[in-house]
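A.B. asks: how would this look folded up:
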Amino acid sequence: MSLTRREFLRLLAMASAAGLSLDSRQALSQAGAAANLYDVPRFGNVSLLHFTDCHAQLLPVYFREPNVNIGVGEGANRAPHLVGEALLKTFGIPSGTREAHAFTHLDFERAARSFGKVGGFAHLATLVKKLRAERPASLLLDGGDTWQGSAVSLWTEGRDMIEATKLLGVDVMTGHWEFTYGARRVREAVDKDLAGRIEFVAQNVKTTDFGDPVFKAYTIRELGGVPVAVVGQAFPYTPIANPRWMIPEWSFGIEDQRLQQTVDEARGKGAKVVVLLSHNGMDVDLKVAARVTGIDAILGGHTHDGVPAPVVVRNPGGATLVTNAGSNGKFLAVLDLDVKGGKVADFRYRLLPVFSNLLAPDPDMARLIERTRAPYRERLAETLAVSEGLLYRRGNFNGSFDQVILDALLEAKDAQIAFSPGFRWGTTILPGESIRFEHVMDQTAITYPASTRNEMTGATIKAVLEDVCDNLFNPDPYYQQGGDMVRVGGMTYACDPGAKMGSRISDMRIGGQPIAADKSYVVAGWAPVAEGVKGEPIWDVVSRYLRARKTVRPPRLSLPRLIGTAGNKGLA
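C.D. replies: Okay, the predicted model is just below:
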């Protein structure tokens, strides 16, 4: 990774002239690509490395970015609501490049086969070590959604990821899906497993009785003589989006007035740089940045948006950089700050795609991963079927792996309609690849996996769709709860994202016939947030469905008819 571009081109020309094998020339090509991508010149005197939403993916994966990420109101046609060519044009990324593949869905299958898998903690560790060696005054920040998203993480209550992040060198983290292990486990992890190694910060989590802080609000670290405050912001809607009964004595929220007080306090204690390690989602962070002063940068997560450059938000106190660093271990952000006279004078930012074939695996991390996964290897490796099409999850309305889950629910529950949560995590499978049990768990590994069968009236079905749709498309970011639209199978409908609450969903039909408001329908689903719901785990439902087929044809996506979205740059 020390080759310059000129040196690489010279070596490649020499290799060609000497008649080296294709493998040798490919190795040189990869070395040159790594040099171009990962040689990030040091800048300034303070550096922050940031990853988020890795969802417990320790190994390299494929992960397709969305082709539908619609913005409404002030969020329309701006980051993070840009997809495909619109994103490339906005950020000046050439088509057909590694970076174009990393940041978009374009020509995904061909590009994935060409450029290989992304992420993997052993490869991420190599990149982190390289950058930190070049930047001795640095912190590594974890934006949360780290302990959930894989079978092994579920079965170990996040212990696999805690050990991996400690070895990776994470300094500070915040959370969201971590809370779905329950208050007892989170408290145990923070007080014991992370103690002395990783600080867990969340200024917006307090007790429901007296409003006392549950976690540290912030930490101040001195980097190269500069006091830097890292303030934590956990996902504000955790008790709504996830089961409240798992954390009954904790309250969450955006809490921007409390945040302002926290920022002011950190400044009063000498912090010259204040960053918010956020799991709000990028639209919320953009509004926070306009309302709360004194934050130099927001390193954001939750919405899985890989945004190549920060958005600069002006506010009465100056300006705040707002970033979002993707998901699944696919990216590592590098924010270099030049701090002069007690304030940030300039910055440089890179969101680096982690291509596993360009970064040699770190031996220590590779051994840890192998040891962690060894007891579960046989169960994870079970081949359930072979996919003839691209299976992915991501996009406002549906993904092909989501459709497989819907189809399995419809069959298993003998239902007319199926609902599946609009989760943004879940790895991608290329055509011709085997679907292993591990892949199913990548889509379903949660602590409340029960599948359900209920009767709902047409009026209730509409109310459910309207409620979720408002969580996604409310023009005020503070009323958005992240997540994508609930996936719907067995019925069709129309959606107007720009309409008012209660008027976005229309033309609901089953088999071409209108759904009647007062008629009852059989609806299958999974991931109920209510306490005490019993049902077969969704991974068993999907696994049985796949085993019975052995080969899975490309599923036909159940998508709504969109209204009023012409020209929206969040639609490819």
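A.B. asks: quick one: buried residues of the helix or strand where residue 461 lies?
C.D. replies: Assigning secondary structure by DSSP states H and E places residue 461 in helix 458-473. Across helix 458-473, burial judged by 16 or more other C-beta atoms under 10 Å covers 458, 461, 462, 464, 465, 466, 468, 469, 470, 471, 472, 473. For glycine as for every other residue, the C-beta is placed from the backbone atoms N, C-alpha and C.
A.B. asks: in contact with the fifth one, which residues?
C.D. replies: Contact partners of residue 465, counting by C-beta atoms under 8 Å, 6 or more residues apart in numbering, are 486, 488, 493, 505, 508.
A.B. asks: so residue 494 bridges to which residues?
C.D. replies: Going by DSSP bridges, residue 494 is paired in beta bridges with residue 506, residue 561.
A.B. asks: pretty sure residue 420 contacts residue 408?
C.D. replies: No: assessed by C-beta atoms under 8 Å, residue 420 is found out of contact with residue 408, at 9.5 Å.
A.B. asks: where does the prediction get shaky in the chain?
C.D. replies: 1-32 (pLDDT under 70).
A.B. asks: again, only this time at 90
C.D. replies: 1-36, 481-483 (pLDDT under 90).
A.B. asks: what packs against the helix or strand following the helix holding residue 461?
C.D. replies: Counting by DSSP H and E, the next helix or strand C-terminal to helix 458-473 is strand 487-489. In terms of contacts (3 or more C-beta pairs under 8 Å, 6 or more residues apart in numbering; DSSP states H and E), strand 487-489 is packed against helix 400-412, strand 417-420.
A.B. asks: confirm that residue 298 sits in a strand.
C.D. replies: Yes: counting by DSSP: H, G, I helix; E, B strand; the rest coil, residue 298 is part of a strand.
A.B. asks: that one: how many residues sit nearby?
C.D. replies: 27 (other C-beta atoms under 10 Å).
A.B. asks: tell me the buried residues in the helix or strand hosting residue 128?
C.D. replies: Assigned by DSSP H and E, residue 128 falls within helix 121-134. Within helix 121-134, the residues scored as buried using 16+ other C-beta under 10 Å are 121, 122, 123, 124, 125, 126, 127, 128, 130, 131, 132.
A.B. asks: how about those in a markdown table, adding distance to residue 184?
C.D. replies: As requested, these are exported to a markdown table (distance: C-beta to C-beta, whole Å):
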| residue | distance to residue 184 |
| --- | --- |
| 121 | 27 |
| 122 | 31 |
| 123 | 34 |
| 124 | 30 |
| 125 | 30 |
| 126 | 35 |
| 127 | 35 |
| 128 | 31 |
| 130 | 38 |
| 131 | 36 |
| 132 | 34 |
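A.B. asks: nearest to residue 246 among those?
C.D. replies: Using C-beta to C-beta, residue 121 comes nearest to residue 246 of the buried residues of helix 121-134, at 26.6 Å.
A.B. asks: wait, the closest one touches residue 369, no?
C.D. replies: Yes: at 6.3 Å, residue 121 and residue 369 qualify as touching, with contact defined as C-beta under 8 Å.
A.B. asks: overlap in contacts of the two?
C.D. replies: Joint contacts of residue 121 and residue 369 (C-beta under 8 Å, 6+ apart) are 58, 59, 164.
A.B. asks: you'd agree the last one is up against residue 366?
C.D. replies: No: under the criterion of C-beta under 8 Å, residue 164 lies out of contact with residue 366, with a separation of 10.9 Å.
A.B. asks: out of these two, which sits in the more crowded spot?
C.D. replies: Set side by side, residue 164 and residue 366 show more neighbours around residue 164, with 23 against 18, by other C-beta under 10 Å.
A.B. asks: how about that one, nearest residue that isn't a chain neighbour?
C.D. replies: Spatially, and ignoring its direct neighbours in sequence, residue 164 is nearest to residue 121 (5.1 Å; C-beta to C-beta, 6 or more residues apart in numbering).
A.B. asks: that'll do, ta.
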